[in-house]
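Enquirer: Sequence and predicted structure are below.
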Amino acid sequence: MTQFETANAFFDACETGKGWEVCQGWCATDATFACQADALAETKTLAEYCEWMKGLMTPVPDGRYVLTSFAMDEARNTAVATAEFHGTQTGPGGPVEPTGKAVVSDYAYVIRFEGDKIVHMTKIWNDVQALRGLGWA
């Protein structure tokens, strides 16, 4: 697989809640994660983030993404994806009882490679807007 194909496969698996069990095949074991959003402030590894996304699919069972762009910067071994997350909190497990509220939240992934493995991902996301949309903030 090319880095571009790997980034696409990882993005889809992560965003559909497959968790680290599936995503780890494309990643370094110690892959790191960063996001300047309070909801993910304590999330430091890509494994933790993949599990967080998996967990999100319980209170938001219809969670899905709409990909708006995907590009590969081969000179820098970096892929960048932009998307919208769509979902409605109808399931249990959120910070409050199901609200029935829907959200469309813009975000970006910056995925860095070493060789054929993902070693770091940064998520760019306004968590306050997203959580407010779901009725969680």
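Expert: That came in fine, so what should we check first?
Enquirer: So which bits of the top helix by length along the chain are buried?
Expert: Counting by DSSP state H, the longest helix found in the chain is helix 3-15. By 16 or more other C-beta atoms under 10 Å, the buried positions in helix 3-15 come out as 3, 6-8, 10-11, 13-15. Just so you know, the C-beta spots here come from the backbone N, C-alpha and C atoms, and that holds for glycine as well.
Enquirer: State which strand of the protein is the longest.
Expert: Looking across the chain with DSSP state E, the single longest strand is strand 102-114.
Enquirer: Can you mark which positions in it are buried?
Expert: If you call a residue buried by 16+ other C-beta under 10 Å, then strand 102-114 has these buried ones: 103, 105, 107, 109, 111-113.
Enquirer: List of residues touching stretch 47-63?
Expert: Stretch 47-63 is contacted from outside by 14-20, 23-24, 27, 31, 33, 35, 40, 43, 85-94, 98, 121, 123, 134, using C-beta atoms under 8 Å, 6 or more residues apart in numbering.
Enquirer: Please export the C-alpha coordinates of the helix or strand hosting Glu51 as PDB.
Expert: Secondary structure from DSSP states H and E places Glu51 in helix 46-56. Taking C-alpha atoms only, helix 46-56 is exported to PDB below (Å, rounded to 0.1, in the frame of the first residue of the first chain):
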ATOM      1  CA  LEU A  46      -3.400   7.200  18.600                       C
ATOM      2  CA  ALA A  47      -4.600   4.000  20.200                       C
ATOM      3  CA  GLU A  48      -6.500   6.000  22.800                       C
ATOM      4  CA  TYR A  49      -8.000   8.200  20.100                       C
ATOM      5  CA  CYS A  50      -9.100   5.200  18.000                       C
ATOM      6  CA  GLU A  51     -10.800   3.800  21.100                       C
ATOM      7  CA  TRP A  52     -12.400   7.200  21.800                       C
ATOM      8  CA  MET A  53     -13.900   7.200  18.300                       C
ATOM      9  CA  LYS A  54     -15.200   3.700  18.800                       C
ATOM     10  CA  GLY A  55     -16.800   4.700  22.100                       C
ATOM     11  CA  LEU A  56     -18.500   7.700  20.500                       C
END
